[in-house]
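Asker: Task: produce atomic coordinates for the following.
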Amino acid sequence: MLKMKTPAQRLQIAFAMQRFARAVLFSRIRSQHSGWTDEEIDTAVAKRMSRGEL
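Answerer: Below is the predicted model:
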């Protein structure tokens, strides 16, 4: 199915998947650390998604 997509369409799908993964991870971290600010959660999400290489 992806072979039939243009490179731009495939990139768009990849970005959508990344946004979805980030939203799911944000929600999970928020539920585990209810006292954290959005900024702290954003930092934790970024570290997790970059495998701690920030």
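Asker: buried ones in stretch 16-33?
Answerer: Buried residues in stretch 16-33, defined by neighbour count with 16 or more other C-beta atoms under 10 Å: 25-26, 29. Backbone N, C-alpha and C define where each C-beta goes, glycine included.
Asker: any chance of these in a markdown table, plus secondary structure, pLDDT and distance to residue 39?
Answerer: Converted to a markdown table, the buried residues of stretch 16-33 look like this (DSSP: H, G, I helix; E, B strand; the rest coil; pLDDT from 0 to 100; distance: C-beta to C-beta, whole Å):
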| residue | secondary structure | pLDDT | distance to residue 39 |
| --- | --- | --- | --- |
| 25 | helix | 97 | 15 |
| 26 | helix | 98 | 12 |
| 29 | helix | 97 | 12 |
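Asker: Of those, which is the nearest to residue 42?
Answerer: residue 26 (7.6 Å; C-beta to C-beta).
Asker: do you know how far the residue most central in space within the chain is from residue 5?
Answerer: In the chain, the centroid-proximal residue (C-alpha atoms, centre = their mean) is residue 22; its distance is 2.0 Å. Going from residue 22 to residue 5 by C-beta to C-beta, to the nearest Å gives 22 Å.
Asker: which residues of this structure fall in helices?
Answerer: Secondary structure of the chain (DSSP state H): helices at 7-32, 38-49.
Asker: Serialize the ones you listed to CSV and add fields for distance to residue 1.
Answerer: Below are these laid out as CSV (distance: least, C-beta to C-beta, whole Å):
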stretch, distance to residue 1
helix 7-32, 10
helix 38-49, 26
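Asker: doesn't residue 14 make contact with residue 2?
Answerer: No - using C-beta atoms under 8 Å, residue 2 is not in contact with residue 14; the gap is 9.8 Å.
Asker: rewinding a little: and which of the buried residues of stretch 16-33 is nearest to residue 9?
Answerer: Set against residue 9, the nearest of these by C-beta to C-beta is residue 25 (24.8 Å).
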